[in-house]
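Enquirer: I need the structure of the sequence given here:
(one chain, ligands or ions: 1)
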Amino acid sequence: MQLFLVGAGPVGLVTAVGFARLGHHVTVSDIDRARIALLAEGRSPIFEPGLEEALRAEMAAGRLDVTTAGTPPAGTAYSIVCVGTPTGPEGPLSTRQVEEAVATLLATAPPDHVIVVRSTLPVEGPDRLARLVDAQRAEGPCAAVVTNPEFMREGAGLRDFDVPSRVVTGWLRPEDRAAAEAVADLYAPLNAPTLVADARSVALIKLASNVFLAAKIAFANELARLCDAVGADVDLVTAGVGMDDRIGSAFLSAGPGVGGSCLPEQALALPLLSARVGVPTPLIDAVSRSNISHQQAVAARLGTLLGRPLNGARIALLGLAFKAGTDDVRESPALALARELRAGGATVVGYDPRALETACRADPLLEVAPDPVTAARDADAVLVATEWPAFRTLDWTQIRAVLAGDLVYDTRNVVEVAAVRAAGLRLEVLGRRV
Ligand SMILES: NC(=O)c1ccc[n+]([C@@H]2O[C@H](COP(=O)([O-])OP(=O)(O)OC[C@H]3O[C@@H](n4cnc5c(N)ncnc54)[C@H](O)[C@@H]3O)[C@@H](O)[C@H]2O)c1
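Expert: Model (predicted):
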């Protein structure tokens, strides 16, 4: 089948490769010409494990091509909208890009075409799309619009496409249920549990899932600070808690905070919905506050461990991506820590194996270094903020030789304890007794 995919970000590219591997022909479109030019050369504009190789393979097989055209080639059955929903002046989850893309498609697509909105929508998003459909229908029969949120994790996107936890599709009007079922059928070869429902419920499924995940991480983070205070080990505590299959161990790892383009934004979006409809949701409202207070507490803890004022201190920040396996720094806790430390008067020098460029774009005030040893030069402490596997094998003797202080504060429990100690450094790990 011929598919048209709008928006070549992490979600769009993973979705394009996923459907191409299922045997469809996918044309990927983006308004960013530089991004399309890069893709045309077989290069991925974002780092996602295996993505560039997979894009090249699907292009070579003739199942994937790219364009800057905003409308699908003739004979396309489905357009899949994967444009961004960033925080805008109107708050989190702006539907501006989605509405523009859907309006363009509605104006040109034939009535038997289906527009699939894979971008994350706020709960009022489906009503906005329904108004666009109504306006178009006033002029004559037009394409159907179906929602189909993406649940992938960056860093494991391709696998999550191939083995999805579930496929959820939503109809704007009950008469579009057949179109929503047809979209769910596109994923039938993946044998995933499937749910077809009204698009408002579907939007809430997506938001509630992410806010629940953010709450689990925030819970583990608060436990880590409690563990520090009482001398317990958060890894043991969360392992024991997670053994209960009513709770589960996934997303119960303590770290420097919740990050990424989705979870923090949606932890803000859901309380705004509650406020708008006048429903008190104190538990949901607390998730974002917990995350912000955790990041402040981690920065303050570093200050305490340093044994000298933060003001004038130099900190080597290892890890800038919001998690390992990606170059995405959107809402990265590492960058939040950098800001917090700078506000306390420290100088921060960051290093990341993949995210140096994206971090510099996101935070022009951030100093960066090309490798961990250069970042550590003359620093009073090393702060580890992303769980890159490469940080397990750092040469701590080399780092010790250039470091001014002796503190390593690992917020991810990633460094090799014995190697840090053998280099004569003082190691502190968030929530753990090492
Ligand atoms: N990143 C994730 O891990 C993830 C996971 C699940 C869901 N989501 C959701 O999926 C959506 C996409 O996320 P992302 O991170 O891939 O977004 P992104 O912002 O990184 O990329 C979106 C792309 O769409 C392009 N674009 C914008 N308007 C366009 C238009 N009219 N025509 C063609 N291209 C256009 C942009 O140039 C950009 O390349 C968002 O709603 C996000 O919340 C993201």
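Enquirer: Leaving out the residues flanking it, which one is nearest to Asp65?
Expert: Once flanking residues are discounted, Asp65 sits nearest to Thr27: 5.4 Å by C-beta to C-beta, 6 or more residues apart in numbering. Where you see a C-beta, it was placed from the backbone N, CA and C, and this is true even at glycine.
Enquirer: wouldn't the one you found be in contact with Ala77 here?
Expert: No. Taking C-beta atoms under 8 Å as the contact criterion, Thr27 and Ala77 are not neighbours in contact, 12.0 Å apart.
Enquirer: okay, and the common contacts of these two?
Expert: Taking C-beta atoms under 8 Å, 6 or more residues apart in numbering as the criterion, Thr27 and Ala77 both touch 2-3.
Enquirer: quick one on the thing from earlier: the helix or strand where the residue nearest to Asp65 lies pairs with which strands, parallel or anti?
Expert: Element membership for Thr27, per DSSP states H and E: strand 25-29. Here strand 25-29 has these sheet partners by DSSP bridges: strand 2-6 (parallel), strand 64-67 (parallel).
Enquirer: just checking, which of those strands sits deepest inside the structure?
Expert: strand 2-6 (a mean of 24; mean count of other C-beta atoms under 10 Å).
Enquirer: how far out from the middle of the chain is that one?
Expert: 23 Å (C-alpha atoms, centre = their mean, to the nearest Å).
Enquirer: just the strands in the stretch 51-200 of the chain please.
Expert: Secondary structure of the stretch 51-200 of the chain by DSSP state E, counting those that start in this stretch: the strands cover 64-67, 78-81, 114-117, 144-147, 167-171, 194-198.
Enquirer: so which of these comes closest to Gly7?
Expert: Closest of the strands of the stretch 51-200 of the chain to Gly7 is strand 78-81, at 6.5 Å (criterion: C-beta to C-beta).
Enquirer: The strand holding Thr27 near the ligand anywhere?
Expert: Yes. Strand 25-29 is in contact with the ligand by C-beta under 6 Å from any ligand atom, via Ser29.
Enquirer: hang on, Val349 is in a strand, isn't it?
Expert: Yes. Membership of Val349 in a strand is supported by DSSP: H, G, I helix; E, B strand; the rest coil.
Enquirer: and it, what does it touch?
Expert: 314-317, 367-369, 374-375, 379.
Enquirer: Ala61 versus Leu318, what's the distance?
Expert: For Leu318, the distance to Ala61 equals 39 Å [C-beta to C-beta, to the nearest Å].
Enquirer: returning to that earlier point: from the contacts of Val349, which land in strands?
Expert: Counting by DSSP state E, the part of the contacts of Val349 found in strands is 314-317, 367-368.
Enquirer: Leu318 and Ala61: which is more packed in?
Expert: Leu318 (29 against 12; other C-beta atoms under 10 Å).
Enquirer: No further questions, thank you.
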